[in-house]
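Chemist: Here's my sequence, what's the structure:
(one chain, ligands or ions: 3)
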Amino acid sequence: MKIFKFGGASVKDAEGVKNVVTVLNKTNESELVVVISAMGKMTNALEEVVTHYFGDASDLEAAISNVYEYHHNIVSELFSQPSHEVFSVVKDLVSEMKTFLKTTKSKHHAYVYDQVVGFGELLSTNIVSAYLSETGIKNTFLDVRTCIKTDANYRDARVDWETTQQKIKEHVGLKQITVTQGFLGAEDTNNFTTTLGREGSDYTAAIFGYCLDAESVTIWKDVPGVLNADPRYFSKTQLLNHISYREAIELAFYGASVIHPKTLQPLQRKEIPLFVKSFLDPLAPGTCVGKGVTLDPATSCFILKKNQTLISLSSLDFSFMMEDNISEVFQLFHTFKMKVELIQNSAISFSVCIDNKFNNLEALLAKLRENFRVQWNEGVTIYTVRHSKPSEIKALTKDKKVLLKQESRETVQLVIME
Ligand code: ADP
Ligand code: ASP
Ligand code: MG
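Modeler: Ligands and ions are numbered 1, 2, ... in the order given. Below is the predicted model of the structure:
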């Protein structure tokens, strides 16, 4: 059994869906789980639907139409007969979403978010599964919510591994191709849709890999594999042929967004190799994450996380920043769902770089000001360099304003105001 995962970029249009067929034909696997994300930027488009639902309702209809038209256009390009049932499947899913929005009484944002955003994956998998069948690739459609069971922590649900493993073993047939959704799960009480966190489909692939003791997991990307730097920001990059689990976990954790950080841990536990490959060149070797050498080739790796917030706190009365007030600060980060990326402290001050993913900065600052003197910078970038040479750090920081620097044996981190 192998697991393949196709992300948004690989199924962003009809060409992309056709290319999935090409990849499956070229790789020619007969025992496969194919995990698919929402098409292109459809998760963002569905987030817009949620925003309009809670905000300016006059644009809600247009936001929903945008989602419908996008999928309808792809289906129209893929299927020549207008009577094909996939047309009504797409229509019905969008109607189901509308009905949900009309009838729900809930004001719980994260719950509504998951029920709505989940339609992206349901639409994409229905379309891809139908197209595979159309081109002669026999496959079984699986609603992942029957398998991946989670808690009710909407937007960042935690997997109940025991039940999930049992359900996956029950529902995934051997010696066949199964097509299913990434990113989604269901909580166990009412079976409401949950999501595993943005970009979580890589993680879904790892969950299936782990539960089925897969031979390997392959995530198909628009890059040749894991590179030593994000190609959107660095012009000269190098393909990494092999990375150890430990190194890959570090790179993903620091923000190498080509692999979702949660993906590696389940695979590492069973030593299942993870391949990162180009969907445009499916037979090229790409990157293998697995047992063995840390990095091949041994080179420096550059990672950046944009749009971070640096907060510096000091006590109002020059008293020390100690465990008691620092723990209070951490409790606030937890309450306001701020992800802590980097910490530095001195006797009377404490600096922390956080990811304000859920737009809670104002509320957090108001709370912090009650007990601390607070300074902050929004829109800063964290650069992380692994295995760096001093000359590289010098070149990187040339003409840039470095707000904070931290150095350990293998990692240099810089908070930079661009
Ligand atoms: P998908 O959602 O389609 O699965 P992503 O867009 O999440 O794929 O991941 C692929 C993207 O990750 C690439 O297009 C690239 O811009 C970005 N990326 C960031 N860091 C790296 C890296 N070190 N190596 C390769 N790609 C990277
Ligand atoms: N569609 C989801 C997102 O865009 C999950 C994923 O693509 O991995 O976040
Ligand atoms: Mg993605």
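
Chemist: switch to C-alpha atoms for all contacts and neighbour counts from now on
Modeler: Will do.

Chemist: does residue 264 sit in a helix or strand, and which one?
Modeler: Element membership for residue 264, per DSSP states H and E: helix 264-269.

Chemist: Point out the other helices and strands that that helix packs with.
Modeler: Applying 3 or more CA pairs under 8 Å, 6 or more residues apart in numbering; DSSP states H and E, one finds that helix 264-269 makes contact with helix 201-211, helix 245-254.

Chemist: and the chain, which residues reach ligand 1?
Modeler: Within the chain, the positions adjacent to ligand 1 are 7-10, 221-223, 225-232, 256-258 by CA under 6 Å from any ligand atom.

Chemist: If we check ligand 2, which of those residues are in contact?
Modeler: Restricting the residues of the chain next to ligand 1 to contacts with ligand 2 (CA under 6 Å from any ligand atom) yields 7, 8.

Chemist: Filter the residues of the chain next to ligand 1 down to the buried ones and hand me the PyMOL line.
Modeler: Here is the PyMOL command that selects the buried residues among the residues of the chain next to ligand 1 (16 or more other CA atoms under 10 Å):
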select buried, resi 7+8+9+10+221+222+223+225+226+227+228+229+230+256+257+258
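
Chemist: And the residue of the stretch 301-418 of the chain closest to ligand 2?
Modeler: For the stretch 301-418 of the chain, the residue closest to ligand 2 is residue 357, as judged by CA to the nearest ligand atom, at 12.7 Å.

Chemist: Got the phi and psi for the closest residue to that residue other than its chain neighbours?
Modeler: Leaving aside its chain neighbours, residue 357 sits nearest to residue 338 (6.9 Å; criterion: CA to CA, 6 or more residues apart in numbering). Taking degrees, to the nearest 10, you get phi -90, psi 130 for the backbone angles of residue 338.

Chemist: so where's the stretch 301-418 of the chain uncertain?
Modeler: Within the stretch 301-418 of the chain, no range satisfies pLDDT under 70.

Chemist: Now it against ligand 1: closest residue?
Modeler: residue 303 (6.7 Å).

Chemist: tally of neighbours for the nearest residue to that residue once chain neighbours are set aside?
Modeler: The spatial neighbour of residue 303 that comes closest, neighbours along the chain excluded (CA to CA, 6+ apart), is residue 384 at 5.1 Å. By the measure other CA atoms under 10 Å, the count of residues near residue 384 is 25.

Chemist: so residue 384 is in which element?
Modeler: Per DSSP H and E: strand 372-386 holds residue 384.

Chemist: buried sites along the helix or strand bottoming out on mean pLDDT in the chain?
Modeler: Lowest by mean pLDDT, DSSP states H and E among the helices and strands of the chain is helix 323-335, with a mean of 88. Residues 329, 332, 333 are the ones in helix 323-335 that count as buried (16+ other CA under 10 Å).

Chemist: Pick the one among those residues closest to residue 374.
Modeler: Nearest to residue 374 among these, counting by CA to CA, is residue 329 at 11.9 Å.

Chemist: list the contacts for the closest one?
Modeler: Shown in contact with residue 329 (CA atoms under 8 Å, 6 or more residues apart in numbering): residue 368.

Chemist: Same check on the one 3 residues further on?
Modeler: With CA under 8 Å, 6+ apart as the criterion, the residues that contact residue 332 are 364, 367.

Chemist: which parts of the chain sit against ligand 2?
Modeler: So the chain meets ligand 2 at 7, 8, 37, 38, 43, 183, 198, 199, 200, 201, 202 (CA under 6 Å from any ligand atom).

Chemist: just checking, the last one touches residue 3?
Modeler: No: counting by CA atoms under 8 Å, residue 3 is not a contact partner of residue 202; they are 10.4 Å apart.

Chemist: Give me the distance between the residue lying closest to residue 111 once chain neighbours are set aside and residue 261.
Modeler: The shortest distance from residue 111 to any non-neighbouring residue, by CA to CA, 6+ apart, is to residue 154 (5.6 Å). Using CA to CA, to the nearest Å, residue 154 is found at 19 Å from residue 261.

Chemist: quick one: which of these two has more around it?
Modeler: Taking other CA under 10 Å, residue 154 and residue 261 do not tie; residue 154 has more neighbours (25 against 21).

Chemist: circling back to that earlier point, mean pLDDT lowest for which of the helices and strands packed on helix 264-269?
Modeler: Note on those: lowest mean pLDDT is at helix 245-254, with a mean of 94.

Chemist: And that one, what does it pack against?
Modeler: Judged by 3+ CA pairs under 8 Å, 6+ apart, helix 245-254 is in contact with helix 264-269, strand 287-290, strand 301-315.

Chemist: picking that back up, settle this for me: the residue nearest to residue 357 is touching residue 362, isn't it.
Modeler: No: judged on CA under 8 Å, residue 338 makes no contact with residue 362 at a distance of 11.9 Å.

Chemist: More neighbours: which of these two?
Modeler: Legend: neighbour count by other CA under 10 Å for residue 338 and residue 362, higher for residue 338 (21 against 9).

Chemist: residues contacting the more buried one?
Modeler: 354, 355, 356, 357, 358, 360.

Chemist: Around the third one, count how many other residues there are.
Modeler: Going back to what we said before, that points to residue 356. There are 19 residues near residue 356, going by other CA under 10 Å.

Chemist: how close does it get to residue 28?
Modeler: Residue 356 sits 43 Å away from residue 28, taking CA to CA as the criterion.

Chemist: how about stretch 37-48: buried residues?
Modeler: Applying 16+ other CA under 10 Å to stretch 37-48 flags 37, 38, 39, 40, 42, 43, 45, 46, 47, 48 as buried.

Chemist: Nearest residue to the fifth one in space, please, no chain neighbours.
Modeler: By that I understand residue 42. Residue 42 sits nearest to residue 120 (CA to CA, 6+ apart), 6.1 Å away.

Chemist: element containing that neighbour, please.
Modeler: Assigned by DSSP H and E, residue 120 belongs to helix 119-134.
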